[in-house]
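1. model this:
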Amino acid sequence: MVRGIFRSWGGRAVTSAVSLAVLAACSSGDPASPPPGTSSPAGAPSATSSPSTALSAEEKAKNDALAAYRGMWQNFVEAGRTSDWQSPKLGQHATGVALTNLSRGLYADHYNGLVTKGQPVLNPTVSSVEPAGDPKKIIISDCGDSTDWLKYRADNGQLADNEPGGRQAINAIVEKQSDGSWKVSDFGVHDVGTC
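-> Below is the predicted model:
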């Protein structure tokens, strides 16, 4: 059975505390990437914007959290091509339980002779920010599509199974780190068809 990478390692959906805390609200909105976060300090105008168009601290935090979430999955996609469970890139946008889950999943694929090919489609949105105004924790809801992101046998390039990927609700906690960066600290992926 062909299983999308969002599907669990071992046949069960990957779940975590965030899955229990937040139910994803799936949208069928435009899958285009949100605008990237700015590199100017929170509340400071960028070189091309006037003070009236500068992002608020909350908007900048939302953009940075969404960028970290997308970055985590992109690093996971790259590592999945060879099931490189030790890739240093995995820690660029993930920490804690999220990083552990990514590494363990890749290790299981490596051990079982599997690699992942293709690319997921992500549609993340910010569900909540804590505290409002100057966020330290942001909850992201997504309806990820793993239809074109599947596992293959590394030895012969054949699909690992015949179970298709599909749309899956994903919830993530993204937290501001002590150095000011944002990283995904936990995430949960629900079964195919949950959004």
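2. lowest confidence element among the helices and strands of the chain?
-> Across the helices and strands of the chain, mean pLDDT, DSSP states H and E gives its lowest value to helix 17-21, namely a mean of 35.
3. so how far is the next helix or strand after that helix off the chain centroid?
-> Of the helices and strands lying after helix 17-21 in sequence (DSSP states H and E), the nearest is helix 57-80. Relative to the centre of its chain, helix 57-80 is centred 7 Å away, using Cα atoms, centre = their mean, to the nearest Å.
4. which strands and helices lie in contact with helix 57-80?
-> helix 90-93, helix 96-111, strand 114-118, strand 125-130, strand 137-145, strand 167-176, strand 182-192 (3 or more Cβ pairs under 8 Å, 6 or more residues apart in numbering; DSSP states H and E). C-beta coordinates here come from the backbone N, C-alpha and C atoms, glycine included.
5. if you set the cut-off to 7 Å instead, what comes out?
-> Using 3 or more Cβ pairs under 7 Å, 6 or more residues apart in numbering; DSSP states H and E, the elements in contact with helix 57-80 are helix 90-93, helix 96-111, strand 125-130, strand 137-145, strand 167-176, strand 182-192.
6. Throw the ones you listed into CSV and include mean pLDDT and distance to E59, thanks.
-> CSV is the format used below for these (pLDDT from 0 to 100; distance: least, Cβ to Cβ, whole Å):
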stretch, mean pLDDT, distance to E59
helix 90-93, 98, 20
helix 96-111, 97, 24
strand 125-130, 96, 10
strand 137-145, 97, 11
strand 167-176, 97, 14
strand 182-192, 96, 13
